[in-house]
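Undergrad: Sharing a sequence plus its predicted fold:
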Amino acid sequence: MKTIRKTILKKLIRSIRLDAPPIDFTDQVMKDIYADAANETAIDLRLKQLLKQSQLHTPPEDFEAAVMQQIRQIKRPTRFEPLITVRAWLQFAISAVLFILLTLRISKESENSMSVTLARHITTVVDSIPPLCLLTIICICFLLLLDHVLKHRFLRD
C-alpha cells in the first residue's frame with residue numbers, strides 16, 4: 001500500500017510543471033532596485049537638508065565652572081565602614097584558634113571527655129568537606145582578612 005502511494009506521489013510530482021519566470025524578469029528586478037535606491041537618495045537628501053537647518057545647541061561659556069561648583073558642594077562620605085567589623089574578625093580568629101586547640105587536644109585527653117567528643121565531631125565534619133572546598137574557604141577568609149587590614153591601614157580618613 002505504501003509503495004503504491006509513493007509511486008503515485010512521484011508521478012504527481014513529475015507531472016507538475018514549474019512556472020517559468022517571464023523573459024524580462026531580471027529587468028523588472030533591476031528596475032525595482034533602482035527605484036528603491038532613488039527613493040533612499042531622496043530621503044538622504046531630505047535628511048541632510050534637515051540637519052543643516054537645525055542649529056546645534058551650544059552650552060553657555062560658564063557651563064563647566066557651574067558643573068564643577070556643584071560637584072564640589074556634594075558632601076563626601078565621612079568615613080569608610082567595612083562590611084565585616086573588627087569585632088567580627090576577632091570573633092572569627094578566636095573561634096579558629098579554639099577549633100585548632102580542640103582538634104589538637106584529641107590525642108592528649110581521655111576518650112570520655114566532652115571536649116574530645118566535640119573535637120572528634122568537628123574533625124569528622126571537617127574531614128567530610130572535600131579538601132579543595134576547605135582550601136577555598138580558608139583562602140577566601142585569608143583574603144577577606146587581608147582586604148580588611150589593608151583598607152583600615154591605607155584608607156583612613
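TA: Nice, I can see it.
Undergrad: Near residue 127, how many other residues are there?
TA: Residue 127: 9 surrounding residues under other CB atoms under 10 Å. All C-beta atoms are positioned from the backbone trio N, CA, C, and that covers glycine.
Undergrad: now swap in residue 101 and tell me
TA: By the criterion of other CB under 10 Å, residue 101 has 11 neighbours.
Undergrad: Could you report the distance from it to residue 122?
TA: Separation of residue 101 from residue 122 (CB to CB, to the nearest Å): 11 Å.
Undergrad: Equivalent analysis for residue 146, please.
TA: Distance from residue 146 to residue 122, counting by CB to CB: 26 Å.
Undergrad: between those two, which one's more packed in?
TA: residue 122 (15 against 10).
Undergrad: just checking, the more buried one touches residue 98?
TA: No: with contacts defined as CB atoms under 8 Å, residue 122 does not count as touching residue 98, sitting 10.0 Å away.
Undergrad: Figure out how far the longest helix belonging to the chain is from the centre of its chain.
TA: Criterion DSSP state H: the longest helix present in the chain is helix 25-53. Helix 25-53 sits 43 Å away from the centroid of its parent chain (CA atoms, centre = their mean, to the nearest Å).
Undergrad: Give the buried residues for that helix.
TA: Using 16 or more other CB atoms under 10 Å as the test for burial, helix 25-53 gives no buried residues.
Undergrad: Could I get the average pLDDT for it?
TA: For helix 25-53, the mean pLDDT works out to 79.
Undergrad: Go ahead and name everything in contact with the very next helix or strand once past it.
TA: As assigned by DSSP states H and E, the chain's next helix or strand after helix 25-53 is helix 63-73. The contact list for helix 63-73 (CB atoms under 8 Å, 6 or more residues apart in numbering) is empty.
Undergrad: Just the CA atoms of helix 63-73, as CSV, please.
TA: What follows is helix 63-73 as a C-alpha-only set of coordinates in CSV (Å, rounded to 0.1, in the frame of the first residue of the first chain):
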residue,chain,number,x,y,z
PHE,A,63,28.8,75.7,32.0
GLU,A,64,31.9,73.7,33.0
ALA,A,65,32.6,76.0,36.0
ALA,A,66,28.9,75.7,37.2
VAL,A,67,29.1,71.9,37.0
MET,A,68,32.4,71.8,38.8
GLN,A,69,31.0,74.1,41.5
GLN,A,70,28.0,71.7,42.0
ILE,A,71,30.4,68.7,42.3
ARG,A,72,32.5,70.5,44.9
GLN,A,73,29.4,71.2,47.0
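Undergrad: Cool, thanks, signing off.
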